[in-house]
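> the sequence and its predicted three-dimensional model are supplied below.
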Amino acid sequence: MLFPKFTARRCINSNEWITQMGMNVLVVGGGGREHALVWKITQSPLVGTVYCAPGNAGIAQLATCVEISVDDLRAMKQFAIEKKIELVVIGPEVPLVMGMADEMQEAGMKVFGPNKAAAAIEGSKTLMKELCQRYKVPTAEYRTFTDAEAAKAYVAGEGAPIVVKTSGLAAGKGAIVCLTVPQAIEAIDRIMVKREFGHAGDEVVIEEFLEGEEASFLALVDGKTILPLAGSQDHKAVGEGDTGPNTGGMGAYSPAALLDDDEMVRRVMDQVMIPIVQGMAADGMPYKGVLYAGLMIHNGRIKTLEFNARFGDPECQPLLMRMKSDIMPLLLACADGTLHEHEIEWDSRTAMCVVMAAGGYPNMYEKGLPITGLEEAAELTDCMVFHAGTRRHNGHVLTDGGRILGVTGLGEGAIGARINAYEAVRKIHWKDAYYRRDIGYRAVEREEAALDEDEG
């Protein structure tokens, strides 16, 4: 048995009991990540009623959605108190950085997600860099600036390629890879002068450009114990071949070949995860929740690009499709500090998520367009359509954001997962729908090369 089998009357700790009807759970957020979390949480026998704020059209089929904005901490806390919520699962980074976990804990609720102090590892890239430097976590060389002209002078001296990042939260779009000095100057202007990212651009981090292949390493953390999740890899760029501006994510798959190796996992744990978790605890900001390390791996060398204080979106979707274990004991263990008692069982197959976005994303796009084909896609086996930017109106599901759906398929290897995911994608339509047609291309190329070698 991989973890203690809880029943409806099993004691969680010496003071609190799960009621016979199951726990009341509140999931905060309304994207594809939150749909995946709600989908997985509702499968647990520990759960009674699940609420989601604000939710979306897909989540509404599984949970009770509540029209509360994720940044309205007072209203969210009051709702949780009224509904006697026992576990709060915070999906997005904004409420975490604002301190929602602190508010809920003060009201006596268990929370899956870091407190305000610990969530600053994502809220401030400057703090993240300082932590890496202090605890010898490998990362790119960098400088930080609050003055645009000083930043431009530094770039002119360093040359290109170079990376310009907002220090604050920018919805995954604040890292700009600049191949020339003029592009870097333009990026600094966009961030610090034109203020395209608002207060996130009060400070910029300018980094050396790193070559290699990116991978996402996510782990559950209870303040001390670190339990790695399966490896995954995402596609941030809007264009095929990983070209064009960064987005919140255009697709992801798991497992990832770069991290599908015990030795590499050990090295990431030893060089990145253990030092940062121990360092944060030593600094008085113990981390609880899921910690996401964005890595660049080149010729076996690991560099840390970023830390996120929550599940990646869309990495969450393929990860939870592959997770065979009940997620609730894991979420509770992170809150209670008992993660050392648990392991995770994974489906051996590959899961691949293809994000279907609004035409024009990540720039201007139209909302309110009717979506067709969802019922046909739902009939396919080994496939799940996770909603992100959707809403229901007069019986119809409409687009309501930039990233609309995360169509996720399970299959044998990346090739099988890709076939299943894109079969579902082709059944879904709305005006100007956009998606990349090459999600998982590196993994597929590796598998095809291995097949060619076997046939040869």
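Alright, I've got the coordinates.
> and residue 301, what are its phi and psi?
phi -90, psi 130 (degrees, to the nearest 10).
> for residue 139, see how far away it is.
Going from residue 301 to residue 139 by C-beta to C-beta, to the nearest Å gives 12 Å. C-beta: built from backbone N, CA, C; applies to glycine.
> pLDDT below threshold where in the protein?
Along the chain, segments meeting pLDDT under 70 span 1-21, 456.
> please compute how far stretch 287-301 lies from its chain's middle.
Relative to its chain's centre, stretch 287-301 lies at 12 Å (C-alpha atoms, centre = their mean, to the nearest Å).
> okay, buried residues for it please.
287, 288, 289, 290, 291, 292, 293, 294, 295, 296, 297 (16 or more other C-beta atoms under 10 Å).
> ditto for stretch 246-260
246-259.
> on that earlier part again, tell me which of the buried residues of stretch 287-301 is nearest to residue 158?
Using C-beta to C-beta, residue 296 comes nearest to residue 158 of these, at 18.3 Å.
> report the distance from the helix or strand in which residue 265 is found to the chain centre.
In this structure, residue 265 sits in helix 262-268 according to DSSP states H and E. From the chain centre to the centre of helix 262-268 is a distance of 21 Å (C-alpha atoms, centre = their mean).
> i'd like the first residue to be 4 from this point on
Right, with 4 as the first residue, what we last looked at is helix 265-271.
> output the contacting helices and strands for it.
Judged by 3 or more C-beta pairs under 8 Å, 6 or more residues apart in numbering; DSSP states H and E, the packing partners of helix 265-271 are strand 291-301.
> partner strands of the strand it packs on, with direction?
Strand 291-301 has the following sheet partners, assigned by DSSP bridges: strand 216-225 (antiparallel), strand 304-311 (antiparallel).
> list the neighbouring strands of whatever helix or strand comes next after the longest one plus their orientation.
Heading C-terminal from strand 216-225, the first helix or strand you meet, by DSSP H and E, is strand 229-231. Paired strands of strand 229-231, with direction, are strand 216-225 (antiparallel) (DSSP bridges).
> so where does the residue nearest the centre of the chain fall, helix or strand?
The chain has residue 315 as the residue nearest its centroid, 0.9 Å off, counting by C-alpha atoms, centre = their mean. In the assignment (DSSP H and E), residue 315 maps to no helix and no strand.
> that one: what's it in contact with?
Applying C-beta atoms under 8 Å, 6 or more residues apart in numbering to residue 315 gives the contacts 36, 219, 221, 235, 237, 252, 255, 295.
> do residue 311 as well
Contact analysis of residue 311 by C-beta under 8 Å, 6+ apart lists 96, 125, 294, 295, 297.
> which of the residues you listed sits closest to residue 399?
Proximity of these to residue 399 (C-beta to C-beta) peaks at residue 96, which lies at 30.8 Å.
> burial count for that closest one?
22 (other C-beta atoms under 10 Å).
> let me know the next secondary structure element after the host helix or strand of residue 79.
According to DSSP H and E, residue 79 maps onto helix 76-85. Sequence order places strand 90-93 as the next helix or strand after helix 76-85, per DSSP H and E.
> list the buried ones in that following strand?
Buried-residue list, strand 90-93, by 16+ other C-beta under 10 Å: 90, 91, 92, 93.
> which one of those residues is nearest to residue 353?
Closest approach between those and residue 353, by C-beta to C-beta: residue 92, at 25.8 Å.
> would you quantify the distance from the closest one to residue 107?
Separation of residue 92 from residue 107 (C-beta to C-beta) stands at 10 Å.
> again, but for residue 160
In this structure, residue 160 and residue 107 are 47 Å apart, going by C-beta to C-beta.
> then residue 457?
53 Å.
> ok, residue 400 next?
31 Å.
> same drill for the two, tell me which one is more crowded.
More crowded of residue 400 and residue 107, by other C-beta under 10 Å: residue 107, with 26 against 22.
> which residues touch the more buried one?
Listed by C-beta under 8 Å, 6+ apart, the contact set of residue 107 reads 80, 83, 88, 91, 114.
> next SSE after the strand or helix carrying the last one?
By that I understand residue 114. Taking DSSP H and E as the definition, residue 114 sits inside strand 113-115. Proceeding N to C from strand 113-115, the next assigned helix or strand is helix 119-126, under DSSP H and E.
> remind me what that next one packs against, helices and strands.
helix 96-101, helix 103-109, helix 128-137, helix 277-285, strand 291-301, strand 304-311.
> list the contacts of residue 253.
Contact partners of residue 253, counting by C-beta under 8 Å, 6+ apart, are 237, 238, 239, 240, 241, 317, 358, 360, 438, 439, 442.
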